[in-house]
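>>> please find the sequence and the predicted model below.
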Amino acid sequence: MKISASIYSDKKRNLKEVITDLVDHQVDLLHVDCNDDLSVFDDIVSIREWCDLPIDLHIITDTPEKYFGLLRKHPVEYLTFQHEDLSQPLILPEDITGKKGIAITTPTPITIFEDYKGFDFILIMATIPGQSGGVFDKLNFSKIRQFRKNYPDKSIHVDGGVNGEVSFILRNMGVSSSVSGSYLFNAPSIGHALMNLTKRNIESNFHVEDFMTPLEECPIVYENELTLENVLQTIEKGNIGFCLVLKSDHTFYGLISSADIRKSLLRHLDDLNKINVAEMLNTQPVAIKDSDTVFEMLKTIKLCKFPVMYLPVLKKDRKTAGIVNFANLIKGEI
C-alpha cells in the first residue's frame, strides 16, 4: 500500500522543508488538498522544481471546469474530485491526463461510482474532510469491502484517521493508497511514522468483527447439502479457494479448500468413484474469534507452522461470524 503524505498537515515548517523531508524518507506520493483554491497550482509548480514524486491532487469545488486549463498545463499523476460538492456527475475532458478518482465521505454510498466507471479509483474519506487528526470511522471497512466486491478492477484510496493499526487493516483489505497527515507529521519523525504505517506487526484496538468478511458474503455449504458438486460450485463462485461448511444453525463444522479436493483426487486417481466429499472436510482448521484484536490474530498466525491464507471467524458459541482472507494483503503490498 502506497503512503500519500498530506503536505499541508505540517504547520511548523515551510513547504520546501516539508517536501525535502518527505523525499529523503522516500514517501510514495505527495497528497495536495485543494479546497477550491487555484493558488494550489503555484505550489505544484514549485514541487515539480524540487522533486519528481507523484502528486496526488484532491480538489473540492462546485465548479470543476475552472480547473481544467490548469490541469492541462500542470498535469498530476492522481486527480480526485469530491463528489458531495459537485452539482452533477463530473465529466473530465479526455486530454486531462493522470489516474482519475472520485472522493466520497462516510455517509455517501459507494453506488455513486456507477457514474464514474471510467475512473481509476475511489477515495473514501474516513473522517470529516478538512479536519486533521480525526478518528477513522469503522463503518468504512464495510464500504471498502463492498467496493472491492462490486468493482474488483478499480483501486481504493483512503484518507483520514490512518494510523499504524488502521494501516495494517487497510493493507489486509487490499487498499492501494492511504493518505497520512497529522499522524505522519506529529510523530517523533516522518521515518518513525512511516515505519508504523508499513510494519507487519501492529497492535490494534479494532476487533476482527470490524473488518472481516461477514457470513452473508462468505462461500457456504451446509452439512445436509454436502455433495462434491455443491462444494465445487461454491468454491468456484466464491473465488477465494475454499468454502465454509456449517450446520443448519450456523455452527461451524469445518471447511474444504481447493487443496483438500486436490489431495482427495490424488488419493483416488486409480478410481475416482471412491472419492468421498466428507473425507475432504477439515473440521479443526486454525480459527479466530470475532472479538480478537489484530494483535491477537497475528499471534495466532505466528503459532502456525504453515502459511495461513484465510481464517474462519467464530463467535463464542462456535457460531460462524465470517472469514478473514489474506489474499488482499499480498495485493496491497504490490
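Alright, I've got the coordinates. Numbering: from 1, shown residues only.
>>> so what's the closest residue in space to Ile240 that isn't next to it in sequence bridging to?
In space, Ile240 comes closest to Asn325 once its chain neighbours are excluded; the distance is 5.6 Å by CB to CB, 6 or more residues apart in numbering. (C-beta placed from N, C-alpha, C; glycine too.) Taking DSSP bridges as the rule, Asn325 bridges to Tyr310.
>>> centroid residue for the protein?
Val175 (2.6 Å; CA atoms, centre = their mean).
>>> gap between the two ends of stretch 25-33?
Length of stretch 25-33, first residue to last, CA to CA, to the nearest Å: 21 Å.
>>> just the residues contacting it, thanks.
Residues outside stretch 25-33 that contact it (CB atoms under 8 Å, 6 or more residues apart in numbering): 2-8, 19, 22, 40, 43-44, 47, 53-58, 60, 76-78, 130, 159, 177, 179, 181, 190-191, 194.
>>> the same query, at a cut-off of 6 Å, please.
Residues outside stretch 25-33 that contact it (CB atoms under 6 Å, 6 or more residues apart in numbering): 2-8, 53-58, 179, 190-191, 194.
>>> now do the same end-to-end measure for stretch 4-11.
17 Å.
>>> same question for it: list its buried residues.
With burial defined by 16 or more other CB atoms under 10 Å, the residues of stretch 4-11 counted as buried are Ser4, Ala5, Ser6, Ile7, Tyr8, Ser9, Asp10.
>>> again, but for stretch 286-297
By neighbour count on 16+ other CB under 10 Å, the buried set for stretch 286-297 is Ala287, Ile288, Lys289, Asp290, Asp292, Thr293, Val294, Met297.
>>> got the contact list for that stretch?
168, 203-204, 207-209, 300, 304, 311-315, 321.
>>> just the buried ones from those?
Phe168, Ser204, His207, Val208, Glu209, Leu311, Pro312, Val313, Leu314, Lys315, Ala321.
>>> I'd say the last one and Pro312 touch.
What that stands for is Ala321. No: the pair Ala321 / Pro312 is not scored as a contact, 8.4 Å apart, by CB atoms under 6 Å.
>>> the residue nearest to the centre of the chain - that's part of a helix, no?
No: Val175 sits outside any helix when classified using DSSP: H, G, I helix; E, B strand; the rest coil, being coil.
>>> leaving aside the residues next to it on the chain, what's closest to it?
Leaving aside its chain neighbours, Val175 sits nearest to Ile156 (4.9 Å; criterion: CB to CB, 6+ apart).
>>> where does the residue nearest to Glu279 when sequence neighbours are not counted sit: helix, strand or coil?
Spatial nearest neighbour of Glu279, excluding adjacent residues (CB to CB, 6+ apart): Ser264 at 6.2 Å. Classification of Ser264 by three-state DSSP places it in helix.
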